[in-house]
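below are the sequence and a predicted model; questions follow.
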Amino acid sequence: MKIFYRYFLLLVIAALFVVKPAKAQCTFTASVPYYQNFTGLSSTNPLPTCWARSSTVTCVTNSFATNAGFYTSPTATSYFYTNGIVLNAGVVYSVSLFYSTSSNSLNWSDFSLHLATSQTSVGLTQLASASAPVISINYSQLSGTFTVASTGIYYVAIRGISSAACCSNYLLFDDFSITIPCNLNPVNTAIAPSTTFVCLGDTIALNATGATTFSWSTGLTVPSYTTVPNGNTNYFVTGTNTLTGCATTASLSLVVNPRPVMSVFSSTNAICEGNTLTLNGYGNAQYIWSTGSNNNNISVSPSITTIYYLTGFNNFACTSTASMQVVVYPKPIVTAVSSKSVSCSGEQITLSATGAKSYSWSSTVVSAVGATIPVIPTANTVFTITATDSMGCNNSTLLYLSINPCLGIDANQDLGVPRIYPNPANAQISLKGVTANVNVEVFDALGKLVLSEKSLNYQNSLLIQQLSRGIYVLKISEADKTYTLRFVKE
């Protein structure tokens, strides 16, 4: 508060009465906060930049006392007008100054502040007024709050009215200001998270509202951002209203719930096709497997390599997942063949297997190991071949051996019934035991007619080189008799 220079003012009254023309309005404008304490005035009775007054007689300033005021004589309604000030709609402003009278006399009937759209007294809107009569030996504050309907350039008119030309000669004022009190312009900064239920590792979005610019405790200056909290975390953001310059800080405390620790174990992670593996789940949670099971352990028998997932739910409803890939090795494809497609009883043949690493042969009469084995079957025999590949996977196949008695006869043998010689044969066969021409039909093992000859007798041969190796049925039709014989084509 400035000291009131009454005695000095009495010495310079004559200078204050100097009449000067009123200043014309100029284009200088100011913004809020706005302060004017009349310092820096270079002479008696000057005005701050672009201020105006209604009279140079009743409206005075003092460069030594650095204040302004009204003189009581002649009695009048006098005005000071500030320079233009940019005011924004939607903002609550506070206007204030300090005033004092030179005595306790009652000759000042009004001291008030008004909002104007020009440096004239037309269309004034009162902002604040001191109680009449205006008396204040010591400086008193006159203040008020106001808003404007639309953004623009406004002026404040400071009015003083003297009702008598004596006694309290001066009504002085100082420290004029227009400010934006933040308590009247609250900034409702808030943080809105995308969710308040957070499990460890979750990504959440934080959205700040209620202001025009934001500054987070993380250093970010954006309204929204995403984060992955690794534990209970406090978030802070300061929101600023760029129109008022007011700011508030909001905070958000997030509780991050733990996830269950899940794992899957088994005796191995690789099996052979068709085998079964037990998967064991661990973790302090409720289980659900990708198979749909809720048990701790499951048995699986995949046909191809498969990944199994175990999801656990804890008391916080947080989840985590463990997995295991079960590698499936295919069974070996085993093929077994005989060195001869048709064999005679007592004849040695070789059996061979392929498609794996090791082989085991078994039948009712033989057990052996190896990729090839020699056998001398005397009757039809079924061999079971069990093969193991390099991964330890097994597979089995069967080999059927059809053994022919191969009862051969010589060309001169005559037993009274038809016979075939040679048997087995390669290129041709002849008939023995027929006395007239006969009809002959040859059928393969599937019963399909593959050869037919008419009027064949013992002197003729039946050509069979076109037939594949195998066992065939020969049907002989003679008069009213029919014979069925078998032969082997080598």
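Ah, there it is. Numbers count the residues shown, from 1 in each chain.

state the mean pLDDT of stretch 154-161.
Averaging pLDDT along stretch 154-161 gives 97.

stretch 350-367 now?
93.

buried residues of it, list them for me.
L351, S352, A353, G355, A356, Y359, S360, W361, S363 (16 or more other Cβ atoms under 10 Å). Backbone N, C-alpha and C define where each C-beta goes, glycine included.

in helices, which of the residues you listed fall?
Using DSSP state H, the subset of the buried residues of stretch 350-367 located in helices is empty.

make CSV out of the residues you listed and add distance to N395.
Putting the buried residues of stretch 350-367 into CSV (distance: Cβ to Cβ, whole Å) gives the following:
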residue, distance to N395
L351, 17
S352, 16
A353, 11
G355, 8
A356, 7
Y359, 11
S360, 12
W361, 14
S363, 18
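
distance-wise, check the residue most central in space within the chain relative to A250.
Geometric centre of the chain, nearest residue: T203, 7.5 Å, by Cα atoms, centre = their mean. Using Cβ to Cβ, to the nearest Å, T203 is found at 21 Å from A250.

and if you look at G433?
G433 sits 117 Å away from A250, going by Cβ to Cβ.

pick out whichever of the two has more residues nearby.
Neighbour tally, G433 and A250, criterion other Cβ atoms under 10 Å: the higher count belongs to A250, 20 against 17.

so which helix or strand takes in the more buried one?
A250 is part of strand 247-254, with elements assigned from DSSP states H and E.

next structured bit after that strand?
Strand 247-254 is succeeded, C-terminally, by strand 256-257 (DSSP H and E).

parallel or antiparallel, list what pairs with that next one.
Strands adjacent to strand 256-257 in the sheet, as given by DSSP bridges, are strand 198-199 (parallel).

let me see the mean pLDDT of the strand it pairs with.
Per-residue pLDDT values over strand 198-199 give a mean of 95.

following it, which helix or strand shows up next?
Downstream of strand 198-199, the first helix or strand assigned by DSSP H and E is strand 204-209.

centre of the chain to that following strand, how far?
Its chain's average C-alpha position is 15 Å from that of strand 204-209, according to Cα atoms, centre = their mean, to the nearest Å.

partner strands of it and their direction?
In its sheet, and by DSSP bridges, strand 204-209 pairs with strand 190-193 (antiparallel), strand 224-227 (antiparallel).

identify whichever of those lies nearest to S299.
Closest of those to S299 is strand 224-227, at 42.0 Å (criterion: Cβ to Cβ).

who touches that closest one?
With Cβ atoms under 8 Å, 6 or more residues apart in numbering as the test, strand 224-227 has contacts from T203, I204, A205, L206, N207, A208, W216, T218.

mind listing the strands the helix or strand containing V328 pairs with, and their directions?
In the assignment (DSSP H and E), V328 maps to strand 319-329. As defined by DSSP bridges, the strand partners of strand 319-329 come to strand 270-272 (parallel), strand 306-313 (antiparallel).

I376: which of the ones you listed is closest?
Ranking those by proximity to I376 (Cβ to Cβ) places strand 270-272 first, at 34.7 Å.

beyond that closest one, next helix or strand please.
Using DSSP H and E, the next helix or strand after strand 270-272 towards the C-terminus is strand 277-282.

between that next one and strand 306-313, how many degrees?
Angle of strand 277-282 versus strand 306-313, following axes from the mean of the first three to the mean of the last three Cα atoms, to 10 degrees, is 20 degrees.

go through strand 277-282 and flag the buried ones.
For strand 277-282, by 16+ other Cβ under 10 Å, it's L277, L279, G281, Y282.

who's in contact with the last one?
When contacts are counted by Cβ under 8 Å, 6+ apart, Y282 touches M262, S263, V264, F265, N296.

for S121, which non-adjacent residue is closest in space?
Y79 (5.8 Å; Cβ to Cβ, 6 or more residues apart in numbering).

sorry, slip of the keys, the one I care about is V122.
Here the residue nearest V122, using Cβ to Cβ, 6+ apart, is A116, at 7.7 Å.

how about the contacts made by that neighbour?
Under the contact definition (Cβ under 8 Å, 6+ apart), the residues listed for A116 are Y81, V122, G123, L124, T125, Y154, Y155, V156, A157.

how about K357?
Contacts for K357 (Cβ under 8 Å, 6+ apart) come out as P332, A387, T388, D389, S390.

how near is it to V369?
From K357 to V369 the distance is 12 Å (Cβ to Cβ).

that older thread, so for the residue nearest to the centre of the chain, what's the pLDDT?
Value for T203, per-residue pLDDT: 96.

do the one 5 residues further on as well
Here the pLDDT value assigned to A208 is 97.

so where's the protein uncertain?
By pLDDT under 70, the weakly predicted segments of the chain are 1-25, 42-44, 63-65, 165, 406-417, 435-436, 457-459.

what's the domain layout of it?
What automatic domain parsing lists as the domains of the chain is 6-179, 190-257, 263-329, 335-404, 419-489.

next, T233: phi, psi?
phi -140, psi 140 (degrees, to the nearest 10).

so how many other residues sit close to it?
Neighbour count of T233, defined by other Cβ under 10 Å: 14.

which residues touch it?
S253, L254, V256.

switch to 10 Å and redo it
T233 makes contacts with V198, I204, T227, L252, S253, L254, V255, V256, as judged by Cβ atoms under 10 Å, 6 or more residues apart in numbering.

what sits against the last one?
Going back to what we said before, that points to V256. Listed by Cβ under 10 Å, 6+ apart, the contact set of V256 reads 197-202, 204, 228-233, 316, 318.

rerun at 8 Å
With contact taken as Cβ under 8 Å, 6+ apart, V256 is in contact with V198, C199, L200, D202, P229, N230, G231, N232, T233.

and the helices in the chain?
Going by DSSP H, the chain shows helices at 6-11, 13-16.

sorry, back to before: got the strands paired with strand 319-329 as TSV, with distance to V32 and mean neighbour count columns?
Converted to TSV, the strands paired with strand 319-329 look like this (distance: least, Cβ to Cβ, whole Å; neighbours: other Cβ atoms under 10 Å):
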stretch	distance to V32	mean neighbour count
strand 270-272	78	18
strand 306-313	58	18
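
out of the ones you listed, flag the one nearest S162.
Comparing the strands paired with strand 319-329 against S162 with Cβ to Cβ, the closest turns out to be strand 306-313 (85.1 Å).
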